[in-house]
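Novice: Predicted structure and sequence below. I'll ask about it afterward.
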Amino acid sequence: ARPPSDVHQRTYREHIDTVFMMSGTGKLPDPIDGLLDSMSVSSTLLEALDISPHASFKGTSAYDGGRKYVISENAGRGSADLERKDMFFTITSKTHKLMTGLFGDQLLPIALFDLTIDPNERTDVKAEKQYQDVIEAMLKEIVRERAEVLNLRMNFPPDNTVTG
């Protein structure tokens, strides 16, 4: 077990990985290749019940194979003042996990874990040169997925380049 952690560190595997089971729908998904997040749970339930979600809904159903990346976010205790409070985003793929922080108008990497060699997320490899492309790709995905939150504090060029 890890010692109590800072806000951004509350997204280690043991904090966010859960089992999702569903029965009685009569509609089984194919084997899932991707990842599921909390929005995927409701999306999967809606699809199993043949209910169309609202157009603004962002969930990706297990019936659609899951997602390449899932993002967990938090702003700590108290109010989630999106315009002024530090926010933390953790993006996870099958092979990597990147913890980031939005400090002022900069989205910065905090820690990167290579899950293929470190599934227990013990060794931060963000400073290693071989991982810089992974970090950049994951930062771009956070910008793409969470644009409405990030745009409150950051101004992006047209290509969504992340600076900092």
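Specialist: Looks like it arrived, so ask away.
Novice: contacts and neighbour counts: CA atoms only from here.
Specialist: Fine.
Novice: The residue nearest the centre of the chain pairs with what?
Specialist: Nearest to the geometric centre of the chain sits residue 71, at 1.0 Å (Cα atoms, centre = their mean). Beta-bridge pairing for residue 71 (DSSP bridges): residue 91.
Novice: residues contacting it?
Specialist: By Cα atoms under 8 Å, 6 or more residues apart in numbering, the contact set of residue 71 is 37, 89-92, 142.
Novice: now the longest helix along the chain, how far from the centre of its chain.
Specialist: The helix spanning the most residues in the chain, taking DSSP state H as the definition, is helix 132-145. Centroid separation between helix 132-145 and its chain, computed with Cα atoms, centre = their mean, to the nearest Å, is 11 Å.
Novice: which of the residues in that helix are buried?
Specialist: 134-135, 138-143 (16 or more other Cα atoms under 10 Å).
Novice: quick check, nearest of those to residue 107?
Specialist: residue 139 (8.0 Å; Cα to Cα).
Novice: Give me the distance between the closest one and residue 61.
Specialist: As judged by Cα to Cα, to the nearest Å, residue 139 and residue 61 stand 23 Å apart.
Novice: Report the secondary structure element holding residue 89.
Specialist: Residue 89 belongs to strand 87-92 when assigned by DSSP states H and E.
Novice: Show the subsequent helix or strand relative to the helix-or-strand element of the chain with minimal mean pLDDT.
Specialist: One helix or strand of the chain scores below all others by mean pLDDT, DSSP states H and E: helix 13-16, with a mean of 50. Proceeding N to C from helix 13-16, the next assigned helix or strand is helix 38-48, under DSSP H and E.
Novice: Residue 73 against residue 89, yeah?
Specialist: Yes - between residue 73 and residue 89 there is a contact under Cα atoms under 8 Å: 4.3 Å.
Novice: on that earlier part again, relative to the whole chain's centre, how far out is the strand holding residue 89?
Specialist: With Cα atoms, centre = their mean, you get 5 Å for strand 87-92.
Novice: Can I get it in PDB, CA atoms only?
Specialist: Only the C-alpha atoms of strand 87-92 are listed here, as PDB (Å, rounded to 0.1, in the frame of the first residue of the first chain):
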ATOM      1  CA  MET A  87      -6.500  20.600 -11.500                       C
ATOM      2  CA  PHE A  88      -5.000  17.200 -12.100                       C
ATOM      3  CA  PHE A  89      -5.600  14.900 -15.100                       C
ATOM      4  CA  THR A  90      -4.300  11.300 -15.300                       C
ATOM      5  CA  ILE A  91      -4.500   9.700 -18.700                       C
ATOM      6  CA  THR A  92      -4.100   6.000 -19.000                       C
END
